[in-house]
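# model this:
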Amino acid sequence: MSQLLLYNTLTRRKEVFAPLEPPLVRVYTCGPTVYSRQHLGNLRTYVFADLLNRSLRFFGFDVRHVINITDVGHLTGDVETGEDKMEKAAREQKLSAWEIAARWTRVFQEDLAKLHCRPPDVWCKATDHIPEQIELIRALETKGFTYRTADGIYFDVSKDPHYGELARIDLAAQATSERIEGAIEKRNAADFALWKLSSADGPRRQMEWDSPWGRGFPGWHIECSAMSVKHLGLHFDIHTGGSDHVAVHHTNEIAQTENALDARPWVRFWLHGGWLMFDGAKISKSTGGSVLNLDELIASGFHPLAFRYFLLGGHYRQQLSYSDDAIKGAQAAYRRLLRHAEELADDATSFGPAEADALRARFRAAIGDDLNAPRALAVIWEAVRSEAIGGREKRELLSEGDTVLALGLAEARAAPVETDAELDALVRERDQARVQKNWKRSDEIRNLLKQRGILIEDSPQGSRWRRA
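Numbers count the residues shown, from 1 in each chain. Model (predicted):
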């Protein structure tokens with residue numbers, strides 16, 4: 001049986017994956033901050049996490065997958081600057097922070113369903129885990145890793161000799177005189193908030209809690225540490241997220257968790273997805289003139305699974321460039337592949353089992369090589385086009401492959417053949433014109449049918465029509 005290799009950001013190399021407690025694999029994925037709609041770049045991270053989940057199951061493992069919802073504490077800057085994104089959105093939209101969180105959590109989960117992402121085994125919210133976060137901070141305080149400023153409790157990164165190993169951060173090389181915006185009492189530029197104190201002078205926050213240090217709210221990083229440990233245990237197998245989490249969020253998670261709980265290494269494998277790019281820049285909410293969320297993509301005429309196909313066409317660790325031409329090409333390819341699957345639904349031919357097994361082994365090897373979805377897709381295309389295997393073998397390969405790719409290939413069924421005397425006659429006339437090499441008449445009929453919303457599909461067995 002082929003091995004599953006995964007690229008571990010911590011070691012910067014591919015490693016043979018084996019869980020701590022076989023056959024169970026415990027996976028934590030950093031979830032969204034639900035202050036607004038998730039854009040296409042955000043969604044790429046969760047399609048990657050779904051690919052991992054499905055691939056682990058494909059290799060025979062059981063999976064316990066946890067995704068969190070950040071509904072408090074994530075500031076407008078990822079380095080402890082600005083204000084809480086939830087409170088800011090609530091004020092601007094004249095809703096409660098709880099209403100904002102509920103609305104965008106629901107939309108996010110609906111987006112994942114449209115993209116055929118498996119629901120996680122556990123959804124957890126930061127606001128449901130305040131006591132656990134306070135206990136972690138108390139443990140760090142007891143061990144001397146924290147200090148207090150006017151605006152909160154901070155983690156002192158200089159106390160951790162291993163700080164920054166994930167991101168290869170050299171604290172000694174950082175300028176000690178660096179300006180620390182918004183927190184002039186911080187000892188080091190990389191120090192981060194564990195608990196933020198509510199301002200006595202400003203407007204009252206909607207989300208705040210009592211704590212040993214005063215009324216306030218948790219820092220962004222402590223939330224994931226508390227939730228992952230509660231739902232997956234002191235040590236677990238895989239932590240995933242976007243590549244933008246490496247330098248700050250995941251680095252800080254490791255520091256606070258390993259020091260609070262004496263758990264080193266806390267997580268064995270760290271996996272990170274690449275950015276989705278538009279015009280050479282990372283897609284973000286400030287990107288103008290592009291399709292940014294899934295509903296806008298669908299309204300533009302694209303199937304959500306065409307977007308999934310587009311994402312699978314690039315390796316999860318690599319940057320992927322989004323463009324109108326790229327998504328149009330992905331939709332065209334996805335439709336062709338789906339059409340192949342539909343045509344195979346009633347194909348009873350059976351031959352070439354050895355050739356089918358060879359293709360099966362190549363698909364497995366592609367997924368086993370750090371979730372190489374582009375190579376796996378290429379094997380699927382080779383299978384449906386092969387003349388060496390029968391329809392039954394092709395269906396089996398599609399069904400098995402679709403447990404990982406989740407493109408709806410296994411459920412594809414040919415639509416009932418519609419008949420219409422006039423349209424059937426026009427198609428027969430066009431076929432005859434093609435036989436006679438009367439290309440002018442052939443094109444005239446195609447254009448006539450197109451004007452009526454009818455598409456012609458040519459094949460060696462003849463032409464057929466279908467409604468667009």
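# so Glu258 touches Asn252, yeah?
No - Glu258 is not in contact with Asn252 according to Cβ atoms under 8 Å; the separation is 11.1 Å. C-beta: built from backbone N, CA, C; applies to glycine.
# These two: which is more packed in?
Asn252 (30 against 18; other Cβ atoms under 10 Å).
# Please list all residues in contact with the more buried one.
Residues counted as contacts of Asn252 (Cβ atoms under 8 Å, 6 or more residues apart in numbering) are Phe155, Phe192, His221.
# Just say helix, strand or coil for the residue nearest to the second one when sequence neighbours are not counted.
Nearest residue to Phe192, sequence neighbours excluded (Cβ to Cβ, 6 or more residues apart in numbering): Asn252, at 5.0 Å. The local conformation at Asn252, judged by DSSP: H, G, I helix; E, B strand; the rest coil, is helix.
# gap between Asn252 and Leu234?
Separation of Asn252 from Leu234 (Cβ to Cβ, to the nearest Å): 18 Å.
# What about Phe302, how many residues nearby?
With neighbours defined by other Cβ under 10 Å, the count for Phe302 comes to 20.
# ok, and the closest non-adjacent residue to it?
Closest residue to Phe302 in three dimensions, ignoring its sequence neighbours and counting by Cβ to Cβ, 6+ apart: Gln331, at 5.5 Å.
# and the one you found, how many neighbours does it have?
18.
# And it, how close does it get to Ile380?
With distances taken as Cβ to Cβ, Gln331 is found 17 Å from Ile380.
# what's Pro119 sitting at in phi/psi?
phi -60, psi 140 (degrees, to the nearest 10).
# I'd like the distance from stretch 42-53 to the chain centre, please.
Relative to the mean C-alpha coordinate of its chain, stretch 42-53 is positioned 2 Å out (Cα atoms, centre = their mean, to the nearest Å).
# Now do that stretch, average pLDDT.
On average, the pLDDT along stretch 42-53 is 97.
# Would you mind listing the buried residues in it?
Going by neighbour count (16 or more other Cβ atoms under 10 Å), the buried part of stretch 42-53 is Asn42, Leu43, Arg44, Thr45, Tyr46, Val47, Phe48, Ala49, Asp50, Leu51, Leu52, Asn53.
# quick one on the thing from earlier: and the contacts of Asn252 as TSV, adding neighbour count and distance to Ala101?
Converted to TSV, those look like this (neighbours: other Cβ atoms under 10 Å; distance: Cβ to Cβ, whole Å):
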residue	neighbour count	distance to Ala101
Phe155	28	26
Phe192	25	23
His221	27	19
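# could you dump the residues you listed to JSON lines with secondary structure, distance to Gly144 and pLDDT?
Compiled in JSON lines, these are given as follows (DSSP: H, G, I helix; E, B strand; the rest coil; distance: Cβ to Cβ, whole Å; pLDDT from 0 to 100):
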{"residue": "Phe155", "secondary structure": "strand", "distance to Gly144": "11", "pLDDT": "97"}
{"residue": "Phe192", "secondary structure": "strand", "distance to Gly144": "16", "pLDDT": "94"}
{"residue": "His221", "secondary structure": "helix", "distance to Gly144": "19", "pLDDT": "95"}
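# The residue nearest to the spatial centre of the chain: what secondary structure?
Nearest to the centroid of the C-alpha atoms of the chain, with distances taken as Cα atoms, centre = their mean, sits Tyr46, at 1.7 Å. For Tyr46, the secondary structure call by three-state DSSP comes out as helix.
# Who are the contact partners of it?
When contacts are counted by Cβ under 8 Å, 6+ apart, Tyr46 is found next to Thr29, Ile67, Leu112, Leu115, Cys117.
# And these, which is closest to Ala433?
For the contacts of Tyr46, the residue nearest Ala433 by Cβ to Cβ is Leu115; the value is 43.1 Å.
# That closest one contacts Asn42, doesn't it?
No - with contacts defined as Cβ under 8 Å, Leu115 does not count as touching Asn42, sitting 11.6 Å away.
# Now do the shared contacts for these two.
Between them, Leu115 and Asn42 share no contacting residue under Cβ under 8 Å, 6+ apart.
# what number of residues lie near the closest residue to Ala326 other than its chain neighbours?
Take Ala326 and drop its neighbours on the chain: the residue closest to it by Cβ to Cβ, 6+ apart is Phe310, 6.5 Å away. By the criterion of other Cβ under 10 Å, Phe310 has 25 neighbours.
# With Arg106 instead?
For Arg106, which is what you asked about, the neighbour count (other Cβ under 10 Å) is 11.
# So which residues of the stretch 201-350 of the chain form strands?
Listed in chain order, the strands of the stretch 201-350 of the chain (DSSP state E, counting those that start in this stretch) span residues 216-218, 236-242, 267-273, 276-278, 281-282, 320-322.
# so which of these comes closest to Met207?
Scanning the strands of the stretch 201-350 of the chain with Cβ to Cβ as the criterion, the closest one proves to be strand 216-218, at 5.8 Å.
# how far does the closest one sit from the chain's center?
Taking mean C-alpha positions (Cα atoms, centre = their mean), strand 216-218 and its chain are 28 Å apart.
# Between the two ends of stretch 383-400, how far is it?
The straight-line separation of the ends of stretch 383-400 (Cα to Cα, to the nearest Å) is 12 Å.
# mind listing what's buried in that stretch?
Along stretch 383-400, the positions that meet the burial threshold by neighbour count (16+ other Cβ under 10 Å) are 383-384, 386, 389-398.
# Could you do stretch 365-382 as well?
Of the residues in stretch 365-382, those scored as buried under the neighbour-count criterion (16+ other Cβ under 10 Å) are 365-373, 376-377, 379-380.
# same question, stretch 143-159
Result for stretch 143-159 [16+ other Cβ under 10 Å]: buried residues Phe145, Thr146, Asp151, Gly152, Ile153, Tyr154, Phe155, Asp156, Val157, Lys159.
# Endpoint to endpoint, it covers what distance?
Looking at stretch 143-159, the gap from its leading to its trailing residue is 10 Å under the measure Cα to Cα.
# Mind listing residues that contact it?
The contact list for stretch 143-159 (Cβ under 8 Å, 6+ apart) reads 137, 140-141, 160, 163-164, 171, 183, 185-188, 190-197, 199, 213, 216, 219, 252, 255-256, 259-260.
# try stretch 11-21
Contact partners of stretch 11-21, identified using Cβ under 8 Å, 6+ apart, comprise 3-8, 25-26, 61, 235-237, 268-269, 369-370.
# likewise stretch 126-137?
Outside stretch 126-137, the residues within contact range by Cβ under 8 Å, 6+ apart are 68-73, 101, 146, 153, 194-195, 207, 209, 211-213, 218, 222-223, 225-227, 229-230, 256-257, 260-261.
# Please apply the same query to stretch 58-67.
Where contact means Cβ under 8 Å, 6+ apart, the residues beyond stretch 58-67 that reach it are 4, 19, 22-29, 31, 46, 49, 53, 56-57, 118, 120-124, 227-228, 231-232, 364, 367-368, 403-404.
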